[in-house]
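> A structural model of the following input is requested.
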Amino acid sequence: MAAGSRRAVRGVACASIGLAAALLVGVLFSGQAGPRGALDPADVARVTHAAPQAPAPEERPTRIRLGPKGRDVRLSGELTEGAAERLARLLDTHRGIERIHLTSEGGLVDEGAAIGALIAAHGLVTYVPDYCVSACTLAFVRGRERLVRADARLGFHAPYETDPVGVEIAVDSAPERAAYLAAGVRAEFVDAALEVRPDDLMIPGTDILVEAGVATGIVDADRFPDSSLDDSADPDRARAVVLYDVPLLDAVEAGAPGTIAPIAAWYLDGYHRGRPEGEAVDGVRRMAAHALARSLGEADPETLVELGRMIVRAMQRSHPGRTRVCAAARDGAGAVLARLRLDRTQLATGRMILSRALGLRAADETEAPGDARGEDRVGSVEVQATSAGPIRRRGCTALRKAFAVALARPVPEAAQALRPLLFPAAPARDRPALEASALPQ
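Below is the predicted model:
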């Protein structure tokens, strides 16, 4: 909702729910971090336009959560009245807090400024894993260090107020300008940001944020503990995150119920232990790759050939994700299907292939995944693939050629030739294991 809709407050905030939704879509589905290159007002002034304004919903309190081990605090949602006071109480109670994770669409500028003052007073590091818009940026720039993920989004626009009937009124931006400049943000960046209309957003690339002095560094997902479950650290939420990371697991679950539960349990336990996000995602994808490969292990020759063709298409030079596909393909079909950002065609093809593979086994398999029969099947695939060791060291061109040579044969022979490529034997240390000590007791 617009800042000041309940009281006359200067606001650097999202002008509509549509704006927040547009930003969130950009965060979740954009493969790029924004405009790149030297700091240029003409470049950084690119804006994301909002959807038509929607009616403001009931105000909900800002979500403020203490992370595992008490070193991180996570703030998310709109900056509503009382957020700074609640954060102050948390900081006074837990003296070990070192960082604050900010994921917010903006809100009341008084709260953003007050949160920023608390951040400065306690010497906290600020970190944006996803997005921080509008009034949130006033808090972000007060950090001792100001860190962002490479694909994070920070959004800026001019301040405004709303009158009692909700009409937006332009206001002097001097206080916001002073706050940004005092934090060390370059003047030309501030000028460009505060020229953007309240119903638009300027979303610069993260390299520009660093060059302009907004952020002090770009970090990867292994730097800090995962915060994906802060709002709801329960099995259902963990399962949803696992399916978001590896969508094709839903096809496996349909044919082999119980596949996702141990992966979600491992992920949830890691959250409570403070496992870094990058490590958590990598672990989920390794276990998912194992489950996907197990599901494909007894597929008929036609299905294996279709799987091989899918991988070859994704390794073509014109494919935008070719490099990532090639890297995953060296570890086998499960790794390809578990990798991030499969496009719609790949997801549809993957579901069809998995459904066909699991359909062949549905009539004679009732045991849960991971039982003796399932493990024997995986073992048999790995034994057949022991000659594929050199495949793991091949470059993309050689790997693509190996697939093409196999696919040029008649279907039964092609399937046999594809097996070492689709199911290469992994060293024991690379095989996912759900150790009893790693799962909740």
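> tell me where the stretch 201-350 of the chain has strands.
Remark: strands assigned in the stretch 201-350 of the chain by DSSP state E, counting those that start in this stretch are 217-219.
> low pLDDT regions in it?
317, 319-320, 340 (pLDDT under 70).
> report how many residues lie close to the nearest residue to Ala193 once chain neighbours are set aside.
With sequence-adjacent residues excluded and distances taken as Cβ to Cβ, 6 or more residues apart in numbering, Ala193 is closest to Phe156, at 3.6 Å. C-betas here are computed from N, CA, C, even on glycine. Counted by other Cβ atoms under 10 Å, the residues lying close to Phe156 total 27.
> thought Phe156 was touching Arg197?
No. With contact defined as Cβ atoms under 8 Å, Phe156 and Arg197 do not form a contacting pair (11.3 Å).
> still on that earlier bit, tell me the bridge partners for the residue nearest to Ala193.
Met202 (DSSP bridges).
> and it, what does it touch?
Counting by Cβ atoms under 8 Å, 6 or more residues apart in numbering, Phe156 touches 12, 134, 137, 193-194, 196, 201-203.
> which one of those residues is nearest Arg149?
Closest approach to Arg149 among the contacts of Phe156 (Cβ to Cβ): Ile203, at 13.9 Å.
> ok, the closest one to Ser104 distance?
14 Å (Cβ to Cβ, to the nearest Å).
> then Val305?
Distance of Val305 to Ser104, computed by Cβ to Cβ: 49 Å.
> which residues in the stretch 51-200 of the chain form strands?
63-66, 72-76, 99-103, 125-128, 131-133, 146-149, 153-155, 160-162, 168-170, 200-202.
> can you flag the weakest of those strands by average pLDDT?
When the strands of the stretch 51-200 of the chain are compared by mean pLDDT, strand 168-170 comes last with a mean of 70.
> OK, contacts around the closest residue to Val336 other than its chain neighbours?
In space, and not counting its chain neighbours, Val336 is closest to Ala328: 4.6 Å by Cβ to Cβ, 6+ apart. Applying Cβ under 8 Å, 6+ apart to Ala328 gives the contacts 335-336, 338-339.
> let's see that with 10 Å instead.
By Cβ atoms under 10 Å, 6 or more residues apart in numbering, Ala328 lies in contact with 285, 289, 311, 314-315, 321, 334-340.
> just the buried members of the residues you listed?
285, 289, 311, 314-315, 321, 334-339 (16 or more other Cβ atoms under 10 Å).
> now, among the residues you listed, which is nearest to Leu358?
For those, the nearest to Leu358 is Leu337 (13.1 Å; Cβ to Cβ).
> my read is that the closest one contacts Leu248, right?
Yes. Leu337 is within contact range of Leu248, at 5.2 Å (criterion: Cβ atoms under 10 Å).
> what touches both of these two?
With Cβ under 10 Å, 6+ apart, Leu337 and Leu248 have common neighbours 288, 291-292, 295, 346-347, 350-351, 353-354.
> hmm, back to that, compare Ile203 and Ser104 and say which is more crowded by neighbours.
More neighbours surround Ser104 than the other of Ile203 and Ser104, with 30 against 26 (other Cβ under 10 Å).
> and stretch 277-293, what's buried?
277, 280-281, 283-293.
> one step back: columns distance to Arg149 on top of the shared contacts of Leu337 and Leu248, output as JSON lines?
Conversion of these to JSON lines gives the following (distance: Cβ to Cβ, whole Å):
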{"residue": "Ala288", "distance to Arg149": "22"}
{"residue": "Ala291", "distance to Arg149": "28"}
{"residue": "Leu292", "distance to Arg149": "27"}
{"residue": "Ser295", "distance to Arg149": "32"}
{"residue": "Gln346", "distance to Arg149": "25"}
{"residue": "Leu347", "distance to Arg149": "24"}
{"residue": "Gly350", "distance to Arg149": "27"}
{"residue": "Arg351", "distance to Arg149": "29"}
{"residue": "Ile353", "distance to Arg149": "32"}
{"residue": "Leu354", "distance to Arg149": "31"}
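> give me the distance between Arg63 and Glu145.
In terms of Cβ to Cβ, Arg63 sits 23 Å off from Glu145.
> same check, this time on Arg273
24 Å.
> grab the nearest non-local neighbour of Phe403.
Val312 (4.8 Å).
> got it, and Met315?
Nearest one to Met315, counting by Cβ to Cβ, 6+ apart, is Arg400 at 4.8 Å.
> and the one you found, what does it touch?
Taking Cβ under 10 Å, 6+ apart, one finds 311-312, 314-317, 322, 325-326, 329, 394 in contact with Arg400.
> look up phi and psi at it.
phi -60, psi -40 (degrees, to the nearest 10).
> got the contact list for the nearest residue to Arg223 once chain neighbours are set aside?
In this structure, Arg223 finds its nearest non-sequential neighbour in Pro276, 6.8 Å apart by Cβ to Cβ, 6+ apart. Listed by Cβ under 10 Å, 6+ apart, the contact set of Pro276 reads 220-226, 270, 282.
> tell me the buried residues within these.
Buried among those (16+ other Cβ under 10 Å): 221, 223-226, 270.
> just send those back as TSV, with distance to Asp130 too.
Listed next are those as TSV, based on distance: Cβ to Cβ, whole Å:
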residue	distance to Asp130
Ala221	11
Arg223	14
Phe224	13
Pro225	15
Asp226	12
Gly270	19
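> what's the closest of those residues to Ala254?
Taking the buried ones among the contacts of Pro276 together and measuring to Ala254 by Cβ to Cβ, the closest member is Gly270, at 25.8 Å.
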